[in-house]
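> what shape does this take:
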Amino acid sequence: MRRELLICLLLSSITLAVYWQVRNHEFVIYDDDLYVTENPHVQAGLTRESLKWAFTTTWASNWHPLTWLSHMLDCQLYELNPSGHHLTNVFLHLANTLLLFLVLKRMTGAAGKSIVVAALFALHPLHLQSVAWVAERKDVLSTLFLMLTLWAYLRYVEGPGLNRYLLTLLLFALGLLAKPMLVTLPFVLLLLDYWPLERYRIGPSDDDTRATAPAPSHGKEPRSIFFRLLSEKVPFFVLAAGSSIVTFLAQQGGGAIKTVEVFPVKIRIANALLSYVNYIGKMIWPHRLAVLYPHPGSSLSMWQAAGAGLLLACLSIATVRAALRHPYLAVGWFWYLGTLLPVIGLVQVGSQAMADRYTYVPLIGLFIIVAWGMFELLERTRHGQILLVFSSVVMISLLMILSWAQARHWRTSVTLFEHTVQVTSNNYLAHNNLGAAMFEQGKLDEAILHYARALEIKPNYWSAHNNLALVLAEQGKLKEAFDHYQEALKIKPHDAGIHNNFGTFLAQQGKLDQAIAHFSRALELKPDFAEVYSNLGNVFKQQGKMDKAIAHYYKALEIKPNHAEAHNNLGVLLAKQGKLKEARRHYSEALRLNPDSAETHNNLAVTLVELEEIEAAIPHYAKALDLQPDYAEAHNNLGNALSQQGKLKEALASFTKALEIRPNYPEAQNNLGVALARQGRLNEAIAHFNEALRLKPDYVPARANLERALQMMTRADEAAITRGNP
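Here you go, the predicted model:
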């Protein structure tokens, strides 16, 4: 037990040494939005409504309620702090590593070989995607249940009983609820029955690989034993079949499954054969790894596919022939082939040719072959033990270095997709996502280049048209933006996101009725689209329909309570209605969710001034200006607050700064005039009042202040004449 504890500490240390860096990584704009950052159900935490949603939704084209519950728990614990979400993945991966070691060691009695398998599993760069990517929680979570299922199954084999059998079945069901890729687990259990559990035999086993479970009675026919073991797995196969059907329906309903017109059967088979071989190649030499490998489609080489098929057939025959003396070869090989089958592309889901994350469980089979094969070869040499230790240390060290370097690419969306476009070709998805990442950073020209490149590769890519329209609108290129929105809707007319973006664009052009039509269509397609309700609130606000605007903001917050923009906009309208305390509450919540919003800091400060809490308001004005130094309104409002405190010198500086930023700012001209008048500088004050009226002829406060200043000038002149000083 002490030895096992030390081994677990060693495995934990090397795993955390590689993955601890991800605590500083951000969410990425590739499925993290679907699973966490833009998912109001997940962000609500573990509530009755969210629990119901988790078990009934097929959002993201999957039915995996336990994965949703895991993300909800993270949001409840860490909110939207990515560090906590990433570390959950890391600790799940660590738990999988330790369980893999403990299960293999108990099954085989071979501690050294089990350490090597667990270390390869923990550190191989192909597994990094499943750990460093928050949206791939389903990989590490489902594998946790896979490992627990194997442990429970081992206990059942050691001491058969109904309770142990039902526990094994329950853990398998929970694994399927986390990710349906575990449907091949019954097949894996049959492999383990052959080796290392030796519940049936085809031929002699190695002397050095013995099962901890009792071997079957020699008086029974191997065939009858096999069918008994097969019948034992029937409930597992039933659960697997049910999960497969639900998954197929979910993915088909979400449009994730590609038709045979898009990917013909022969292309799918060819890609599957090549992928099997390519995964082995990347396992041996993990280079040019990417988050997404674009599918080559019809350009795929049939000769290469035929060669891959021939190689796989030869390897399969060789492992079967060698299985009589080396059973681990057949078990490891068919573990790899079988567990990879659901995601090999025969049923094409998505547009990728292959994905590193798909190897998370399948590579365990090849790692078993590597570990047992390495020990078998080197133990027979003169300095076998020394060579085993040396080669293991070198291999593990190299994998640590490679995985640590690969993990750095996952720091941000920009670093991730910059790397992806470097190591892949014609990757329109990667260019599109890199453009979106650049857009988030305000690098509009770079974003346009990548969106254009995505459209060059795939002209009918609706997402790139939509995203390009967003950037062009930001640059004021309205006609081009309009054309790209039209093209995006032509390609994908039933996408709620495009309708929402186009509606927002039209609203900004003052085409409110057209905008409402697109927002309404978006809600028909996606009734719980919080952003659309918020945007409709903005339109009704522009139309002066304040009650309807407020109702829509409330609806947005009902769906997505942490919608910072809706909280801010609702606060603005409530403040206009004189509901200042309620407005303050919404502004405060908006700042809790988005503390870097200069607009919200300014709005809250204005409300605090109206509530006569000037001391509390000034720090918010200061924060707004710290975030956005050229924020003319905040300079003007800060000047008002300082003026009310009698700090006229500081107030004059704020008004002056506001006018430096925006000379045609009538309110700041008027306020500067008031401050100057209070200092007795009436001539200067009158000049600013006149300028305010020139900019805004119907500006009543400025006209009243001008008349008052002129009267003060007249009285001052009369007083001077009386004193004899004209």
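
> quick one, domains of the protein?
2-408, 563-624, 630-726 (automatic domain parsing).

> quick check: which of those domains is nearest to Asn500?
Closest to Asn500 of these is domain 2-408 (Cβ to Cβ; 12.1 Å). (C-beta placed from N, C-alpha, C; glycine too.)

> centre of the chain to the closest one, how far?
For domain 2-408, the separation from the chain centroid amounts to 21 Å (computed by Cα atoms, centre = their mean, to the nearest Å).

> give the buried residues for the longest helix along the chain.
In the chain, with assignment by DSSP state H, the single longest helix is helix 82-108. By neighbour count on 16 or more other Cβ atoms under 10 Å, the buried set for helix 82-108 is 82, 85-108.

> shouldn't Asn603 be within a helix?
Yes - checked against DSSP: H, G, I helix; E, B strand; the rest coil, Asn603 lies within a helix.

> per-residue pLDDT, the nearest residue to it once chain neighbours are set aside?
Leaving aside its sequence neighbours, Asn603 sits nearest to Tyr587 (Cβ to Cβ, 6 or more residues apart in numbering; 5.6 Å). At Tyr587, the predicted lDDT confidence score is 96.

> show me the contacts for Tyr587.
Tyr587 sits next to 567-568, 571, 600, 603-604, 607 when contact means Cβ atoms under 8 Å, 6 or more residues apart in numbering.

> go again using 7 Å as the cut-off
Neighbouring residues of Tyr587 by Cβ atoms under 7 Å, 6 or more residues apart in numbering: 568, 571, 600, 603-604, 607.

> quick one: which of these has the most company?
Thr600 (29 neighbours; other Cβ atoms under 10 Å).

> now it: which helix or strand?
Counting by DSSP states H and E, the element that carries Thr600 is helix 598-610.

> same for that helix, what does it pack against?
helix 564-576, helix 580-593, helix 614-627, helix 632-644 (3 or more Cβ pairs under 7 Å, 6 or more residues apart in numbering; DSSP states H and E).

> CSV for those, including distance to Leu324?
Converted to CSV, these look like this (distance: least, Cβ to Cβ, whole Å):
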stretch, distance to Leu324
helix 564-576, 66
helix 580-593, 64
helix 614-627, 72
helix 632-644, 80
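
> so for stretch 634-648, what's the average pLDDT?
pLDDT averaged over stretch 634-648 gives 93.

> do you know how far His124 is from Arg585?
Distance, His124 to Arg585, using Cβ to Cβ, to the nearest Å: 51 Å.

> who has more neighbours out of those two?
Higher neighbour count among His124 and Arg585: His124, with 21 against 16, using other Cβ under 10 Å.

> that one contacts Leu399, doesn't it?
Yes - His124 is within contact range of Leu399, at 5.8 Å (criterion: Cβ atoms under 7 Å).

> contacting residues around Pro186?
233, 236-237, 240.

> and what about it, helix, strand or coil?
What three-state DSSP gives for Pro186 is helix.

> for the closest residue to Phe505 other than its chain neighbours, give me the pLDDT.
Sequence neighbours aside, Ala473 is the residue nearest to Phe505 in space, at 5.4 Å (criterion: Cβ to Cβ, 6+ apart). According to the prediction, Ala473 has pLDDT 96.

> then the one 5 residues further on?
Leu478 carries a pLDDT score of 96 in this model.

> distance of it relative to Ser83?
From Leu478 across to Ser83, the span is 40 Å (Cβ to Cβ).

> and for Gly345?
35 Å.

> which stretches in the stretch 251-400 of the chain count as strands?
293-294, 352-354 (DSSP state E, counting those that start in this stretch).

> quick one: which of the ones you listed is nearest Leu5?
Among these, strand 352-354 comes nearest to Leu5, with 38.1 Å by Cβ to Cβ.

> what about the residue lying closest to Leu659 once chain neighbours are set aside, how many residues nearby?
The shortest distance from Leu659 to any non-neighbouring residue, by Cβ to Cβ, 6+ apart, is to Ala668 (5.2 Å). Close neighbours of Ala668, defined as other Cβ under 10 Å, add up to 30.

> next one: the helix or strand harbouring Ala668 to chain centre, how far?
Element membership of Ala668 [criterion: DSSP H and E] is helix 666-678. Helix 666-678 sits 49 Å away from the centroid of its parent chain (Cα atoms, centre = their mean).

> and the next helix or strand past it?
Downstream of helix 666-678, the next assigned helix or strand under DSSP H and E is helix 682-695.

> list the buried residues for stretch 424-442?
In stretch 424-442, counting by 16+ other Cβ under 10 Å, buried: 424, 427-439.

> and stretch 334-351, by the same measure?
Residues 334-345, 347-351 are the ones in stretch 334-351 that count as buried (16+ other Cβ under 10 Å).

> contacting residues for the closest residue to Tyr30 other than its chain neighbours?
Nearest-residue entry for Tyr30: Asn433, 5.6 Å, with adjacent residues in sequence omitted and distances by Cβ to Cβ, 6+ apart. Residues in contact with Asn433 (Cβ under 7 Å, 6+ apart) are 29-30, 413, 417.

> which of these ranks first by neighbour count?
In terms of neighbours by other Cβ under 10 Å, those top out with Phe417 at 29 neighbours.

> secondary structure element holding that residue?
Using DSSP H and E, Phe417 sits in helix 413-423.

> alpha carbons of the following helix or strand past that helix, as CSV, please.
Heading C-terminal from helix 413-423, the first helix or strand you meet, by DSSP H and E, is helix 428-440. Provided in CSV are the C-alpha atoms of helix 428-440 (Å, rounded to 0.1, in the frame of the first residue of the first chain):
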residue,chain,number,x,y,z
TYR,A,428,-11.5,27.7,-42.9
LEU,A,429,-12.9,27.0,-39.4
ALA,A,430,-9.6,27.9,-37.8
HIS,A,431,-9.3,31.1,-39.8
ASN,A,432,-12.8,32.1,-38.9
ASN,A,433,-12.2,31.5,-35.2
LEU,A,434,-9.0,33.4,-35.3
GLY,A,435,-10.8,36.3,-37.0
ALA,A,436,-13.4,36.2,-34.1
ALA,A,437,-10.6,36.2,-31.6
MET,A,438,-8.9,39.2,-33.3
PHE,A,439,-12.3,41.0,-33.4
GLU,A,440,-12.7,40.5,-29.6
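
> buried residues in stretch 43-56, which are they?
For stretch 43-56, by 16+ other Cβ under 10 Å, it's 43-44, 50, 53-54.

> got a pLDDT number for Leu148?
98.

> with Ile364 instead?
Reported pLDDT for Ile364: 98.

> wait, what's in contact with it?
By Cβ under 7 Å, 6+ apart, the residues touching Ile364 are 100, 117, 121, 335.

> closest one of the residues you listed to Ala17?
Distances from Ala17 to the contacts of Ile364, taken by Cβ to Cβ, are shortest for Phe121, at 15.4 Å.

> I figured that closest one hits Thr97, correct?
Yes - counting by Cβ under 7 Å, Thr97 is a contact partner of Phe121 at 5.8 Å.

> in the protein, where is pLDDT below threshold?
202-222, 256-261, 716-726 (pLDDT under 70).

> and with 50 instead?
204-219, 724-726 (pLDDT under 50).

> buried stuff in stretch 576-587?
Quick answer for stretch 576-587 (16+ other Cβ under 10 Å): 579-580, 583-587.

> correction: stretch 158-166
Buried, per 16+ other Cβ under 10 Å, within stretch 158-166: 164-165.

> same question, stretch 178-185
Neighbour count says stretch 178-185 has 178-185 buried, by 16+ other Cβ under 10 Å.

> do stretch 485-496 as well
485, 487-489, 491-492, 495-496.

> same check, this time on stretch 501-521
Buried residues in stretch 501-521, counted by 16+ other Cβ under 10 Å: 501-507, 512, 515-516, 518-519, 521.

> please export the C-alpha coordinates of the helix or strand that contains Asn500 as CSV.
Following DSSP H and E, one finds Asn500 within helix 496-508. C-alpha atoms of helix 496-508 as CSV (Å, rounded to 0.1, in the frame of the first residue of the first chain):
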residue,chain,number,x,y,z
ALA,A,496,-31.2,32.7,-34.9
GLY,A,497,-27.8,34.2,-34.4
ILE,A,498,-27.6,35.7,-37.9
HIS,A,499,-31.1,37.2,-37.6
ASN,A,500,-30.1,38.7,-34.2
ASN,A,501,-27.0,40.3,-35.6
PHE,A,502,-28.7,41.5,-38.7
GLY,A,503,-31.5,43.0,-36.6
THR,A,504,-29.0,44.8,-34.4
PHE,A,505,-27.3,46.2,-37.6
LEU,A,506,-30.6,47.4,-39.0
ALA,A,507,-31.6,49.0,-35.6
GLN,A,508,-28.3,50.9,-35.7
